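**Q** let me see the structure of the following:
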Amino acid sequence: MAKTFVITLPDDLEQALTTQAERLNESPEEVVLQVLSQELTNLAQCETIQKTETDPLLRLIGSLSMDIPDLAENHDYYIGQALYHELKGVE
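**A** Prediction:
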């Protein structure tokens, strides 16, 4: 469902928008939608990168050596087995 927004632009920004719209042979509304969509996509990507860069566990990737070759794919199974054995008191 589309929403309508009303915004007030400073004169210099309105002039830049009009110039860009004329250059692209598009309406100012279309240019605003394109720019807004691109900027929101860029922001989402930047947030993802920042989260990745600040994740303290990323430093551990590749630092462990295991005899379980499928640990990455079946980690839930192995965690479940460990919990089961812990709850049952099995070594």
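
**Q** and residue 68, what is it in contact with?
**A** By Cβ atoms under 8 Å, 6 or more residues apart in numbering, residue 68 lies in contact with residue 78. The way it works is simple: take the backbone N, C-alpha and C, and place the C-beta from them, glycine included.

**Q** hmm, 10 Å instead?
**A** By Cβ atoms under 10 Å, 6 or more residues apart in numbering, the contact list for residue 68 reads 74, 75, 78.

**Q** tally of neighbours for the first one?
**A** Going back to what we said before, that points to residue 74. 13 (other Cβ atoms under 10 Å).

**Q** what of the one 3 residues further on?
**A** Counted with other Cβ under 10 Å, the burial measure for residue 77 works out to 11 neighbours.

**Q** swap in residue 31?
**A** 19.

**Q** any idea how far residue 63 is from the nearest residue to it once chain neighbours are set aside?
**A** Beyond its immediate neighbours in the sequence, the residue positioned closest to residue 31 (Cβ to Cβ, 6 or more residues apart in numbering) is residue 21, lying 4.7 Å away. With the distance defined as Cβ to Cβ, to the nearest Å, residue 21 ends up 53 Å from residue 63.

**Q** residue 27 now?
**A** Using Cβ to Cβ, residue 27 is found at 54 Å from residue 63.
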